[in-house]
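Asks: sequence and predicted model, in that order:
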Amino acid sequence: MSTETNQGYSAAAEVGNVRARRTFADRAWRELKKAPLTAWFGMIVILMYFIIAVFAPLLAPYEESQVFEVPYAPAVYEDGWDPRFFFGTDQLGRDMLTRLIYGARNTIGIAVATTLLAFFIGGGLGILASIQRGWFDQLISRAVDVLMAIPSLIFALMLLSVFGSTILNLIIIIAVLDSTRVFRLTRAVALNVVVMDYVEAARLRGEGLGWVMRREILPNIMPPLVAEFGLRFCFVFLTIASLSFLGVGVQPPTADWGSMVRENATLITYGSFTPLLPAGAIALLTVAVNFVVDWFLHKTSGLRDEH
Amino acid sequence: MNTNSKPRNGGGRTKGELLLEMRDICIDGFSDDQWHEIVKGVDVTLHRGEILGVIGESGAGKSTLGLAAMGFAKPGCRISSGTVVFDGMDLMAASEAERRKLRGSRIAYVAQSAAASFNPAHQLINQVTEATVRHGIRPREDAEQDAKELFAALQLPDPENIGYRFPHQVSGGQLQRAMTAMAMSSRPDLIIFDEPTTALDVTTQVEVLAAMRDIVDQFHTAAIYITHDLAVVAQMADKIKVLRYGNTVEEADTRVMLKEPKETYTKTLWAVRSLYKEEDSSEDIILRVHDVDASYGGVVKVLENVTIQVPRGRTVAVVGESGSGKSTTARVITGLLPPMKGEVYFNGEPLPKALKDRSKTQLQKIQMIYQMADTAMNPRHTVRDIIGRPLEFYLGLSGAARDRKVVELLDMIELTEEFIDRLPNELSGGQKQRICIARALAAEPEFIICDEVTSALDQIVQEGILKLLLRLQKELNLTYLFITHDIATVEAISDEIVVMFQGGVIEQGMKSDILHPPFEPYTNLLLSSVPQMDPDWLDNLLDKREKEGGMTSSGN
C-alpha cells in the first residue's frame, strides 16, 4: 500500500512554482535594449529605406521620369549647389534625387517580392521533403543539385533573354534560382524537427499535412529562416542590380539603382560622384541588413559569451 | 589483473587517510540576467577508499557539487566561496595550470552520457589512455597494455581488441565501462561518478556496478557517486549525503541511512518506492495484438509472433530491456509502423494497419503519452494550444467553449487556470508530463499508451504522476498499456504484466503470478537485476549468479 507521508511533493507546491511570464512586447524591448550599436544602426537604416520607399511620391521633388533640359547636370557647380537638382541629373536630364527615391521603391519592392517567393517555394518544398522523405525528397533534392550546378547569374541571363525582361519574369526567375538555397537550408533544419515526438503526436492525432507543416514545424525553424531571409534578400538585391546593370533587369523608364549605375557610369571619368549614389544606396542597405542579421543569428544560435 | 601493473603513484596509499575536504562550498549559477545560489554551503569529507553517495532531485546541485570537488565550475557557474583541499593542496588557491595537472591524473570524472563524452572520430583505446599519456604518468605502450587489463577487469568482451573499435561500434553499457576504464587508467586518487548507470538497462547496470565497485576497491580509490537512484547508491556507497535545493539535508553511513532516515524529506524519498496497486482482473478485452511480426525496412524482424491482450479499465505493463521491442509494439498499435503479419483488434474490430487508413474515431480512442515530455510538446505552442487542439480537432469545440474545457482538464490534472498561456519551457518536468496527460485526456480516449512516462522524472514527482494516472483510471475507466523498465513503477500501477525479450513475448499474466516464483528464466534475470534498497543485495546477487551460472543479458 502507498504510505501517505507525502510532505515532500504536492501538486499544490508544483502549481505554486510559477515563473513570472513576460509579455511579448516586454521581452522584445528587453532584447532590443541589449542589442549592439551595429544592430541599432542597421535597424534605423532599414527603417529609413522603408519609409522612403513607402512615401516616395510625397518625398520626391519631381515625377519619376520627368525630363529636364539639362542632361548630365552635375550636383555641384563651381559657384555652388544647383537649387533645382540636388544630386544633379542623369544622361536624359532626369532629377537624380527623384530617381533615387523611386529607385528605393522599385528595387526594394522587387527584391522583397522575389525573396518572399523564393522562401515560399524553397521553404514549402523543403518542409515537404523533410516530412515525406523517400522518392519525393530524392527527386526534389537532385533537381536542386542540378539547378545549383549552373552558375546562377549566367543561367538567369539566359532565361531572361529567352522569356523577356519583364518585371514578373525577373521576379519568378530569380526566385526559382534562389529557392534552391532556401530549400537546402529548410530541409536540413526541418529534418531535425520532424523526428520530434510532438510531430509524431500530431500525426497520431490525424492532423493533415498543412497543419503539420505550418503549425508544428514552421514555428520551430523560424530563427534560421529569418536570418537566411535577411542574407538572401541582400543576394537577391545584388543579383537584380547586376542584371539591371547588364541591361536585362529592370527596364527604363522605371527607376532602378542597378540601371542607374550603368547609365551614368561614364560620368565617373569626369569626376562626378553621381553614379556612386545609387551604388552607395545599395551598399548601405546591404550592410545594414547584414548587421541586423548578424545580431539575430548571434542571439538565436546560442553563440553566447560565457560568463 | 597482473600484480606488476600496480599503480606507480599509489604506492603509499592507505585506506582511511583523509583525501578530500570541502568546506562551506557556495556555487552560483547565472540565469535570467542574474546570479542565483545553486549550492549553499555544503561540506564534504572523503577518506581514501571511501565512496560517498550523493542523492537528490534534479536541480539539487549534485553534479555542480561533484565538479566543484575538482575545483571546476561549469560555464555559467562560479564557486563563490568555500575551500576545497585535496590531499593537502588547496584547489581554490591553486592556479588553473596546477588544477589541470590534477585532473585526469589524480582526479577523474565519469559522465552520465558516455556516448556524448567520447569523440566519435577516435578509437576507444586512444581516448582511454590519452590523459595518462599526456600527463606523462606512463608511456603509451604501457598505458595501452594496462587499458586492456582494465577492459578485462571490467568484463568487456574481447579485451585485447575492443579498444581498437570506435565508440559507435560498441553498446551503451560497454561504452560506459570503457569510460570507467578511462577514469581508472591513471589510477587516480578520486573518481567522480555522475549518474554513470542512469542510461543503462537494469541487466547491464548490474554488471557495470559490480565492475566499478571491484576496481575502486582494488586500488583504494575514493569516489563520489552522484545519482538519484537510491537502490543503486545503497550498493555502492559507504556514506550517503542527501541534497535538496543546494543544502545538505542529511548525511550518514549507508546502513544507518537506509534503516532510520531522520529527516522528513529523506523519508519521503524512501517511501516513493513502496507505492503498490491492488491488482484486479477483467475478462472484457479492449485491445488485442494478435500474432504480430514487424520490422523496420523489412530486413530484420524486430517483433516476432507478439500476442498481447489488454483488458478494459486495467493497466498492462510491458517490461523488458531496451531493444526488446516494447516501443515497437506501441508503434504497431498506433499504426505508425504497419505490421508485416498479424492484426490489432480494438473493441473486437480489426484496426487498419496503417495510420492513414484509420478513421478519426479510431485515432481518438487510442492516445499516447511519451517518455520525454519536453519533446512531446511543441515548444512554440502554449498550453491552451496543446490541450485545446484535440478538443478542436476531435470534438469540434472552439472559442470560449474550448477554453472552458481546457481549464476543466487542467483542473483534472491538478493544475490551475493560470497555466493556460504558458509555453512548455516555462513548466517544470512534472508539470510538463501533466500537460501531456491532459492532452491525451482531451481526446476522450478509452485506451492510453504510456511509453516510459515517469522514467525521466525525479522519484517524488514520479509518485505524483503515478497517483494521478491511477486516479484518472478509476474516474474515467481508462485502460493503460504501460511501457517501462522500472519494476517499482510496475508494482505501483499494473494489473497485468507482459515480459518482452528480443522482439518476442516471454509471458503475460497477472502481476502476482509474474512477480512471484516460479519464474521464467528471463523474467528471473530481469527481476533479480533490479536494485533493491538492501546494501547487501549486489553481493548476494553476484554470489548467487556465480553459483548458478545461467543466463546473462542479451546486449552484452
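Replies: Looks like it came in fine.

Asks: need the contact partners of stretch B:135-142.
Replies: B:Arg8, B:Asn9, B:Lys101, B:Gly104, B:Ser105, B:Thr129, B:Thr132, B:Val133, B:Ala143, B:Asp146, B:Ser186, B:Arg187 (C-beta atoms under 8 Å, 6 or more residues apart in numbering or on different chains). Quick note: C-beta positions are derived from backbone N, CA and C, even for glycine.

Asks: what score does the fifth one have for pLDDT?
Replies: This points to B:Ser105. With respect to pLDDT, B:Ser105 has a value of 86.

Asks: before we move on, what about the last one?
Replies: At B:Arg187, the pLDDT value in this model is 87.

Asks: for chain A, see how far away it is.
Replies: Going from B:Arg187 to chain A by C-beta to the nearest C-beta, to the nearest Å gives 33 Å.

Asks: got the domain ranges for chain B?
Replies: B:48-71+B:95-272, B:285-519 (automatic domain parsing).

Asks: least reliable of those domains by average pLDDT, please.
Replies: domain B:48-71+B:95-272 - the lowest mean pLDDT of the domains of chain B, at a mean of 85.

Asks: list the contacts of the closest residue to B:Gln123 other than its chain neighbours.
Replies: In this structure, B:Gln123 finds its nearest non-sequential neighbour in B:Tyr164, 5.3 Å apart by C-beta to C-beta, 6 or more residues apart in numbering or on different chains. When contacts are counted by C-beta under 8 Å, 6+ apart, B:Tyr164 touches B:Gln123, B:Leu124, B:Ile125.

Asks: could you flag which of those residues are buried?
Replies: B:Leu124, B:Ile125 (16 or more other C-beta atoms under 10 Å in any protein chain shown).

Asks: got a markdown table for the contacts of B:Tyr164, with secondary structure too?
Replies: Below are the contacts of B:Tyr164 laid out as a markdown table (DSSP: H, G, I helix; E, B strand; the rest coil):
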| residue | secondary structure |
| --- | --- |
| B:Gln123 | coil |
| B:Leu124 | helix |
| B:Ile125 | helix |
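
Asks: for chain A, state which of the contacts of B:Tyr164 is nearest.
Replies: Lowest distance from chain A to those (C-beta to the nearest C-beta) belongs to B:Leu124, with 27.8 Å.

Asks: the closest one contacts B:Asp158, correct?
Replies: No: counting by C-beta atoms under 8 Å, B:Leu124 stays clear of B:Asp158, with 12.0 Å between them.

Asks: nearest to chain A within the stretch 51-200 of chain B, name that residue for me.
Replies: Closest point on the stretch 51-200 of chain B to chain A, by C-beta to the nearest C-beta, is B:Pro75, at 4.4 Å.

Asks: would you agree A:Thr107 falls within a strand?
Replies: No: A:Thr107 is assigned helix when assessed by three-state DSSP, not a strand.

Asks: show me which residues of the stretch 101-250 of chain A are close to chain B?
Replies: When proximity is defined by C-beta under 8 Å from any C-beta of the partner chain, the stretch 101-250 of chain A lies next to chain B at A:196-198, A:200-201, A:203-207, A:215-216, A:219-220.

Asks: any idea which helix or strand carries A:Ala111?
Replies: helix A:109-132 (DSSP states H and E).

Asks: again, but for A:Ala156
Replies: Per DSSP H and E: A:Ala156 is located in helix A:152-163.

Asks: could you do B:Trp35 as well?
Replies: Here B:Trp35 is assigned to strand B:34-47, by DSSP H and E.

Asks: mind listing residues that contact that strand?
Replies: For strand B:34-47, the surrounding residues in contact (C-beta under 8 Å, 6+ apart) are B:15-30, B:52, B:61, B:64-65, B:68-69, B:77-78, B:80, B:82, B:190, B:222, B:224, B:241, B:243, B:245-248.

Asks: alpha carbons only: can I get whatever helix or strand comes next after that strand in PDB?
Replies: Following strand B:34-47 in sequence order, the next helix or strand is strand B:51-55 (DSSP H and E). Provided in PDB are the C-alpha atoms of strand B:51-55 (Å, rounded to 0.1, in the frame of the first residue of the first chain):
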ATOM      1  CA  ILE B  51      32.600   6.000  -1.600                       C
ATOM      2  CA  LEU B  52      30.300   8.900  -0.800                       C
ATOM      3  CA  GLY B  53      26.800   8.600  -2.400                       C
ATOM      4  CA  VAL B  54      25.200  12.000  -3.200                       C
ATOM      5  CA  ILE B  55      21.500  11.800  -3.900                       C
END
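
Asks: in the helix holding A:Ala111, what's buried?
Replies: So helix A:109-132, judged by 16+ other C-beta under 10 Å, has buried residues A:110-115, A:117-119, A:121-131.

Asks: burial measure for the residue in the stretch 101-250 of chain B that chain A sits nearest to, as a count.
Replies: Here the residue of the stretch 101-250 of chain B nearest chain A is B:Arg244; by C-beta to the nearest C-beta that distance is 8.7 Å. A count of nearby residues for B:Arg244, using other C-beta atoms under 10 Å in any protein chain shown, gives 19.
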